[in-house]
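> sequence unknown, structure follows:
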Ligand code: NOJ
């Protein structure tokens, strides 16, 4: 597509073409050839005024209804002026081809240099057709399915004018109180790393018209907010930062992520947005990251509230000097950066570096070839909500379900002749399953559990709400109100249950009880739902509990008493169909928990890859109190990391190592036999963990180092193999670098982080 160049740009292009003669390309033409892009970027940079450069570092939230009149007063008018002057490098929360095109037209056709705007949006788990929340997808341990889900999200949103998603979130999360655990891949750095890479590849693909630039967030440490309270202080060691928090970020950078987002929290007393150690030293220097870093929303301005900057101007100075390249909605750069350069407080080299990074991404996306690349109305109409996207999100939704308990094979349900009671407001909810962070999707567009079950015609289904979970219709920005008192529906629920062969209770969190700003201090079933569960149980204990939630819940009573429990998270648009297909056995579940389910809130943070401590205690009970434990509860979760059942059963045996010792450049092959001891074909996630017995810094009791999702036919024995090499045992040592240390190790293999099979090996230098 051809677009009208602004009248000033032609002479400029001649200069650029000459200065880029080695690349022999038109300056406005983008290419994936990085050196030629760099040449074009430099040439363009040389034409820019300081204000135009700073403008590229400025991102505004959609400030004006572009189909309405041009804003005349206040901050919207000012932002509009900035857009016309070329002082806006990016916008967020503008979506839909019509609006994006209208704004891009101003940037490209009315500004002096015509530099296109990059349009960002939180496409976290889908745009209109919604996939399971990322934590749920992580439970699939299916990297292909996760990549596919990101591809669907990218295709739909790119067709709607967007070219940049603020995803994936790769924050390792050990504290389920934190509402944003739903956005990541859970408690393990390895699982987070491989999933981060899959998501980046899914979003970015080959940067074609159905792809988006990814933005890896939140760099770094945000999920370690004290007591799981969002935006709270973070205080982590160097050891935890490097060995636990950073690996998924590095994996995402290595997978080619074009951008990073910094975070709201402080690290070692310095807010991440102003943190040069994170952004300059680690990301840009050690990892050689060539893309750009955007701040989180207003996080530059928040450095004032942190008590780190005296005012917005100083915050802008600190952020720019620390390597935060683009300012999301603080207006700190656009207001102050040019003056800071003139005053000598920020060097122009630093500005040039940031602008180069931003322009480079725009070139790589092809926005200089065609700024309207993402603005094709016909494509938008043909793409959004496509049938194959629904099939895709249904597939990953089924794969994300975790079967937690299934006494006496209560599941799968019989398909005929059953009286089934379905109880719980969440069973009849078409909005909650969309989960949090699905701002592009419309309310009431998910398939409810009731609808999914009603698609099966052989049984008689009776529904009773029992009790509301939330009061009114929750929204993304306002505190969700929970029903703490109204039990008026209990009697109807009990009567419905009494007359049923099986009771399906759909309980848990509403989709808008998790996500940003939604930390919880209690993690039981919210409101009156626990009481509803116990009341119905007295009338009919033959209950299948379907949990829908965005984080691990604390459900020890249910785990003890309810015969069958299915973890169904917030599964997106096709939620009800996915759940029904699993309940009826048309899909055999294979999901495994990406975070453990604690016994009590006092155990948090709880994670399997903890350190041993000086007083670890042993396997057998002891009278002594002097060991690391609680006096009122044991140390274990109800359900551990990596745990999940299937309608098949699996037996592990014959753990073999090709050798018990290896040296530099060597490796060990580990094999294990997994038998499907049932009459049903199934899938199992075979997991490999390692313990490094002694290190120059203390090491976790166990760390996930590999897994394989494998199909095993009924009665079949499959031999699964893994390779251990130096990469597998590397860690961030006392020398403050990633390296191997000679010593003794143990390898564990099994179907969860609680494994029976283990073998020793050693590594020599
Ligand atoms: C704040 C959130 O922390 C971040 O994850 C998100 O991308 C931005 N807001 C933009 O919506």
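Received, thanks. Bear in mind that the values here come from a model prediction, so they are computed numbers and not experimental data.

> residues contacting residue 202?
146, 147, 148, 149, 150, 151, 153, 154 (CB atoms under 8 Å, 6 or more residues apart in numbering). Placement of C-beta: from N, CA and C, glycine included.

> among these, which ones are in helices?
Under the assignment DSSP state H, the contacts of residue 202 contribute 146, 147, 148, 149, 150, 151, 153, 154 to helices.

> just put those residues in JSON lines and tack on neighbour count, pLDDT and distance to residue 139.
What follows is those, written out as JSON lines (neighbours: other CB atoms under 10 Å; pLDDT from 0 to 100; distance: CB to CB, whole Å):
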{"residue": "146", "neighbour count": "29", "pLDDT": "98", "distance to residue 139": "10"}
{"residue": "147", "neighbour count": "19", "pLDDT": "98", "distance to residue 139": "16"}
{"residue": "148", "neighbour count": "18", "pLDDT": "98", "distance to residue 139": "16"}
{"residue": "149", "neighbour count": "31", "pLDDT": "98", "distance to residue 139": "13"}
{"residue": "150", "neighbour count": "31", "pLDDT": "98", "distance to residue 139": "16"}
{"residue": "151", "neighbour count": "20", "pLDDT": "98", "distance to residue 139": "19"}
{"residue": "153", "neighbour count": "29", "pLDDT": "98", "distance to residue 139": "18"}
{"residue": "154", "neighbour count": "28", "pLDDT": "98", "distance to residue 139": "22"}
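
> may I see those organised as JSON lines, with distance to residue 78 added?
Formatted as JSON lines, these follow (distance: CB to CB, whole Å):
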{"residue": "146", "distance to residue 78": "42"}
{"residue": "147", "distance to residue 78": "42"}
{"residue": "148", "distance to residue 78": "43"}
{"residue": "149", "distance to residue 78": "39"}
{"residue": "150", "distance to residue 78": "36"}
{"residue": "151", "distance to residue 78": "39"}
{"residue": "153", "distance to residue 78": "33"}
{"residue": "154", "distance to residue 78": "33"}
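
> nearest to residue 452 among those?
Minimum distance to residue 452 across the ones in helices among the contacts of residue 202 is 19.2 Å, recorded for residue 149 (CB to CB).

> before we move on, the earlier item: now, which of the ones in helices among the contacts of residue 202 sits nearest residue 635?
Distances from residue 635 to those, taken by CB to CB, are shortest for residue 146, at 31.3 Å.

> out of the ones in helices among the contacts of residue 202, who's near the ligand?
Filtering the ones in helices among the contacts of residue 202 for proximity to the ligand by CB under 6 Å from any ligand atom leaves nothing.

> mind listing what the residue of the stretch 51-200 of the chain found nearest the ligand touches?
Closest to the ligand within the stretch 51-200 of the chain is residue 166: 3.4 Å, counting by CB to the nearest ligand atom. Counting by CB under 8 Å, 6+ apart, residue 166 touches 92, 120, 121, 122, 123, 124, 215, 217, 261.

> from these, which are also near the ligand?
Answer for the contacts of residue 166 near the ligand (CB under 6 Å from any ligand atom): 92, 122, 217.

> what about the closest residue to residue 356 other than its chain neighbours, how many neighbours?
Sequence neighbours aside, residue 41 is the residue nearest to residue 356 in space, at 5.2 Å (criterion: CB to CB, 6 or more residues apart in numbering). For residue 41, the neighbour count with other CB atoms under 10 Å is 24.

> out of the ones next to the ligand among the contacts of residue 166, flag the one nearest to residue 362.
Checking those against residue 362 with CB to CB, the nearest one is residue 92 at 15.2 Å.

> quick one: contacts for the residue lying closest to the closest one once chain neighbours are set aside?
Of all residues not flanking residue 92 in the chain, residue 120 sits nearest, at 4.3 Å (CB to CB, 6+ apart). Neighbouring residues of residue 120 by CB under 8 Å, 6+ apart: 59, 90, 91, 92, 162, 163, 164, 165, 166, 215, 294.

> columns distance to residue 389, pLDDT and secondary structure on top of those residues, output as JSON lines?
Compiled in JSON lines, the contacts of residue 120 are given as follows (distance: CB to CB, whole Å; pLDDT from 0 to 100; DSSP: H, G, I helix; E, B strand; the rest coil):
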{"residue": "59", "distance to residue 389": "29", "pLDDT": "98", "secondary structure": "strand"}
{"residue": "90", "distance to residue 389": "27", "pLDDT": "98", "secondary structure": "strand"}
{"residue": "91", "distance to residue 389": "25", "pLDDT": "98", "secondary structure": "strand"}
{"residue": "92", "distance to residue 389": "23", "pLDDT": "98", "secondary structure": "strand"}
{"residue": "162", "distance to residue 389": "16", "pLDDT": "98", "secondary structure": "coil"}
{"residue": "163", "distance to residue 389": "19", "pLDDT": "97", "secondary structure": "coil"}
{"residue": "164", "distance to residue 389": "20", "pLDDT": "98", "secondary structure": "strand"}
{"residue": "165", "distance to residue 389": "16", "pLDDT": "98", "secondary structure": "strand"}
{"residue": "166", "distance to residue 389": "20", "pLDDT": "98", "secondary structure": "coil"}
{"residue": "215", "distance to residue 389": "22", "pLDDT": "99", "secondary structure": "strand"}
{"residue": "294", "distance to residue 389": "28", "pLDDT": "99", "secondary structure": "strand"}
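
> want to throw these into CSV with distance to residue 676?
Shown next, in CSV, are the contacts of residue 120 (distance: CB to CB, whole Å):
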residue, distance to residue 676
59, 52
90, 51
91, 52
92, 48
162, 44
163, 45
164, 44
165, 39
166, 41
215, 41
294, 47
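
> which SS class is the residue in the stretch 401-550 of the chain that the ligand sits nearest to?
Residue nearest to the ligand within the stretch 401-550 of the chain (CB to the nearest ligand atom): residue 516, separated by 5.6 Å. Here residue 516 is coil, with the state taken from DSSP: H, G, I helix; E, B strand; the rest coil.

> next, count neighbours for it.
Neighbours of residue 516 using other CB under 10 Å come to 19.

> residue 168 versus the residue nearest the centre of the chain, what's the distance?
Nearest to the geometric centre of the chain sits residue 184, at 3.0 Å (CA atoms, centre = their mean). Remark: distance between residue 184 and residue 168 (CB to CB, to the nearest Å) = 8 Å.

> residues shared between the contacts of these two?
Jointly contacting residue 184 and residue 168 under the rule CB under 8 Å, 6+ apart are residue 134.

> can you give me the helices in the stretch 151-300 of the chain?
Assignment of helices within the stretch 151-300 of the chain using DSSP state H, counting those that start in this stretch yields the ranges 189-204, 238-240, 246-254, 276.

> any idea which of those helices gets closest to residue 525?
Nearest of these (CB to CB): helix 189-204, 26.5 Å.

> now the closest one: mean pLDDT?
The average pLDDT within helix 189-204 is 98.

> secondary structure class for the residue of the stretch 601-750 of the chain found nearest the ligand?
Proximity of the stretch 601-750 of the chain to the ligand (CB to the nearest ligand atom) peaks at residue 605, 20.2 Å away. Secondary structure assignment for residue 605 (three-state DSSP): coil.
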